[in-house]
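**Q** structure for the following, please:
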Amino acid sequence: MGEIPEFTTRPELVGTFGMVASTHWLASAAGLAVLEHGGNAFDAAAAAGLVLQVVEPHLNGPGGEVPVIAHHAGRGETFVLCGQGTAPAAATPEAFARLGLDLVPGSGLLAACVPGAFGAWMLLLREYGTLRLRDVLGYAIGYAASGYPMLPAISWGIASVAELFRDHWPGSAEVYLPGGRVPAPGTLFANRALAGTYQRILAEAETASQDRDEQIEAARRAYYEGFVAETIAAYVASATVMDVTGRPHRGLLSYSDLAGWHPRLEEPLTYEAGGLTVCKTRPWGQGPVFLQQLALLDGFDLAAMGPGTADFIHTVTECAKLAFADREAWYGDPDFTDVPVKALLSAGYADDRRRLVGPAASAELRPGAPEGRAPRLPDFVTRAGTGADDDGRVAPSLDVEPPRLDPGTGEPTMRTSGPDPRAGPDPRSGPDPRARAGPRTGSAVLGYRAGDTCHLDVADRFGNMVSATPSGGWLQSSPVIPGLGFCLGTRAQMFTLTPGLPATLAPGKRPRTTLTPSLALRDREPYMAFGTPGGDQQDQWSLWFFLNHLTFGMNLQQAIDFPSFHSAHMPSSFFPRAAQPRALDVESRVGAPVIEELRRRGHLVNVRPAWSLGRVSAVARRDGMLYAAANPRGMQGYAVGR
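**A** Numbering: from 1, shown residues only. Next up, the predicted model:
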């Protein structure tokens, strides 16, 4: 492609007061309303995040999790807020072995970790915000109680699991099938049970104290030590729930797991690139893979290749494969495992790994050996391939048939790669191993319509900046808990049950999440906050946006609008953990010559609709001005500001 169009789907917003960009216009509007009310970026982020729990229930919820990266101008502090809950005390590989399971299921109750999102928003609000709880939580209560317009994607998501709700998850049917029917797109939909939960939390908080900080802490206690935790624990202890295995199981989460958990503040992991300090989470998330890709790409002249060219897409894709292979071998909760992060991000290691990038698409999964340590991979990787060679490399088979998919499985990105099942296989792309998979008894196969997760970015006039990626607790993956109006998450499916690996399941351990917000500093001042939904694609779509902006000089909206691509070569983080070696998804707008050249180089190219890949949003600050942009893909993300 190579050329940067001047036309953009929306203007890049420019102002001086405040900017909010998110995956839903109502959340962005709520965030700006908080800024107008005198709040700062942290107040606005918490309000927007809580609204997203209401208006995008197919993508996140109060039972999910959220990582946050932010900068507080007054303190000169850049920090990570970890809202990723931990595995229950009863969650061990042995417990799953007794159930005859070698993977953590992607739906039901077995994959629930401690919900982290609510606690994280409360900590962000208490420690860095300025407004009272009522002024921030009120927007979410209003939409839950009075209703919001039903998105087509939500209606479709409910329809895809309606049979499951009716037959096995009655709590979900009560909330999401009012009158026994799937809510139509565009209709007003309310979740009054969730509104009641929020209202009771607020009432208990305001009864506990008149002090702002004490009210916020009382709200946290109501969730993790009070009536919410008690209701969750009672339900999990008594319910036997159907999940993707086709069998009912009890959950493992307990009251003590909830009561003993707290969100935590950490220092970010950083990497210098193009005059910017890029900040990511530590390796309990996949954030370091973004930094590893930057280190690998530092040895290539990307500017000479041009944006969207076959050379550029091939080089970025092959470097992504190497970085994600290291993710599989080395990443995990650093409280439990020694992750060689310094070595993985070192110039010498990047030089060695960069030599593996050749002119043809690699079909191998090739983790490296930082500090001379031999890599090991989970059983679900080695079973799918031909085994590891002497260098620890694994070449997964192209002929493996993954398990059939259940509509409640994992994050709803499972069908973003591979041919559109409505259109039939593309003969030029090679065989699709999933083509043989049919519907499970009592469920439907996931359709092609892609969902993902949520994201929000905020910048205020005080110099504060926030990037957050809320997810989990989506309505398709776990039953609604009666009386609360929301379901638990399924993030534990990202653990492996193979013993002795960095991401092996253990009580109290954080799963190696895919959630990965980004923040870049210039001269220690916040320059840009950005991110996207999309599971394993997050640190690919975010990287493509970042390079468009930094390397090719595109403004925020140009960088978002530019044709997108991603690799599906690496093992998925979501059940059933399948890989698609050499698979490369590109938007059709990259052009036929680029597509044909990528195929000539050995990529199994899946051509996607023109505006279908990625949902990046971003805010920026430079020279006293604030900027924002949001993704037109999906027709719901929006940036607002002035």
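**Q** I'd like the next helix or strand past the helix ranked longest in the chain.
**A** Counting by DSSP state H, the longest helix found in the chain is helix 310-330. Next along the chain after helix 310-330, taking DSSP states H and E as the criterion, comes helix 341-344.
**Q** burial of the nearest residue to Pro57 once chain neighbours are set aside, as a residue count?
**A** Leaving out its chain neighbours, the residue that sits closest to Pro57 by Cβ to Cβ, 6 or more residues apart in numbering is Leu475, at 4.9 Å. Glycine gets a C-beta too; all of them are placed from N, C-alpha and C. Applying other Cβ atoms under 10 Å, we find 27 residues neighbouring Leu475.
**Q** hmm, back to that, what about the longest helix of the chain, average pLDDT?
**A** Averaged over helix 310-330, pLDDT sits at 98.
**Q** could you do stretch 287-299 as well?
**A** Averaging pLDDT along stretch 287-299 gives 97.
**Q** pull the distance from it to the chain's centre.
**A** Offset of stretch 287-299 from its chain centre (Cα atoms, centre = their mean, to the nearest Å): 19 Å.
**Q** ok, and for it, which residues are buried?
**A** Gly287, Pro288, Val289, Phe290, Leu291, Gln292, Gln293, Leu294, Ala295, Leu296, Leu297, Asp298 (16 or more other Cβ atoms under 10 Å).
**Q** ok, back up a step: and the longest helix of the chain, what other elements does it pack with?
**A** On a contact count with 3 or more Cβ pairs under 8 Å, 6 or more residues apart in numbering; DSSP states H and E, helix 310-330 meets helix 288-297, helix 302-305, helix 538-550, strand 565-567, strand 583-587, helix 592-600.
**Q** mind putting these into JSON lines with distance to Pro62?
**A** Converted to JSON lines, the helices and strands packed on helix 310-330 look like this (distance: least, Cβ to Cβ, whole Å):
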{"stretch": "helix 288-297", "distance to Pro62": "28"}
{"stretch": "helix 302-305", "distance to Pro62": "41"}
{"stretch": "helix 538-550", "distance to Pro62": "22"}
{"stretch": "strand 565-567", "distance to Pro62": "29"}
{"stretch": "strand 583-587", "distance to Pro62": "32"}
{"stretch": "helix 592-600", "distance to Pro62": "42"}
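**Q** out of these, flag the one nearest Gly147.
**A** Closest to Gly147 of the helices and strands packed on helix 310-330 is helix 538-550 (Cβ to Cβ; 30.5 Å).
**Q** any idea of the mean pLDDT for the next helix or strand after that closest one?
**A** Sequence order places helix 556-561 as the next helix or strand after helix 538-550, per DSSP H and E. Mean per-residue pLDDT for helix 556-561: 98.
**Q** for helix 556-561, list every residue counted as buried.
**A** Quick answer for helix 556-561 (16+ other Cβ under 10 Å): Leu556, Gln557, Gln558, Ala559, Ile560, Asp561.
**Q** hey, C-alpha coordinates of it in CSV?
**A** Taking Å, rounded to 0.1, in the frame of the first residue of the first chain, the C-alpha atoms of helix 556-561 are listed here in CSV:
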residue,chain,number,x,y,z
LEU,A,556,-3.9,9.5,15.8
GLN,A,557,-7.0,9.1,13.6
GLN,A,558,-4.9,8.3,10.5
ALA,A,559,-3.0,5.7,12.4
ILE,A,560,-6.2,4.1,13.6
ASP,A,561,-7.9,4.2,10.3
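**Q** now it, how far from the centre of its chain.
**A** For helix 556-561 - counting by Cα atoms, centre = their mean - the centre lies 20 Å from the chain centre.
**Q** same deal with stretch 585-603?
**A** The chain centroid and the centroid of stretch 585-603 are separated by 27 Å under Cα atoms, centre = their mean.
**Q** cool, and stretch 5-19?
**A** In terms of Cα atoms, centre = their mean, the centre of stretch 5-19 is found 25 Å from the chain centre.
**Q** where does this structure dip in pLDDT?
**A** Filtered on pLDDT under 70, the chain yields the residue ranges 1-2, 384-452.
**Q** report the separation between the nearest residue to Leu188 once chain neighbours are set aside and Ala159.
**A** Of all residues not flanking Leu188 in the chain, Gly147 sits nearest, at 4.0 Å (Cβ to Cβ, 6+ apart). Going from Gly147 to Ala159 by Cβ to Cβ, to the nearest Å gives 19 Å.
**Q** before we move on, back to that, tell me the angle the longest helix of the chain makes with strand 583-587.
**A** 130 degrees (axes from the mean of the first three to the mean of the last three Cα atoms, to 10 degrees).
**Q** check the offset of helix 310-330 from the chain's centre.
**A** That offset, for helix 310-330, works out to 19 Å (Cα atoms, centre = their mean).
**Q** could you give the angle of that helix to helix 592-600?
**A** Using the same axes, to 10 degrees: helix 310-330 against helix 592-600 is 40 degrees.
**Q** the closest residue to Pro517 other than its chain neighbours: helix or strand, and which one exactly?
**A** Distances taken as Cβ to Cβ, 6+ apart place Ser467 nearest to Pro517, at 3.8 Å, with adjacent residues excluded. Secondary structure assignment for Ser467, by DSSP H and E: strand 465-468.
**Q** residues contacting the residue nearest to Leu188?
**A** Neighbour list for Gly147: Leu188, Phe189, Ala190 [criterion: Cβ atoms under 8 Å, 6 or more residues apart in numbering].
**Q** who wins for most neighbours among the residues you listed?
**A** Ranked by neighbour count (other Cβ under 10 Å), the contacts of Gly147 have Phe189 at the top, with 24 neighbours.
**Q** report the separation between the residue nearest to it when sequence neighbours are not counted and Tyr143.
**A** Nearest residue to Phe189 in three dimensions, chain neighbours excluded: Met150, at 4.4 Å (Cβ to Cβ, 6+ apart). In this view, Met150 and Tyr143 are 12 Å apart by Cβ to Cβ.
**Q** those two - which one has more neighbours?
**A** Tyr143 (24 against 18).
**Q** contacting residues for Leu109?
**A** Residues near Leu109 by Cβ under 8 Å, 6+ apart: Val236, Ala239, Val241, Asp243, His249, Arg250, Gly251, Leu252, Leu253, Ser478, Pro479, Leu488.
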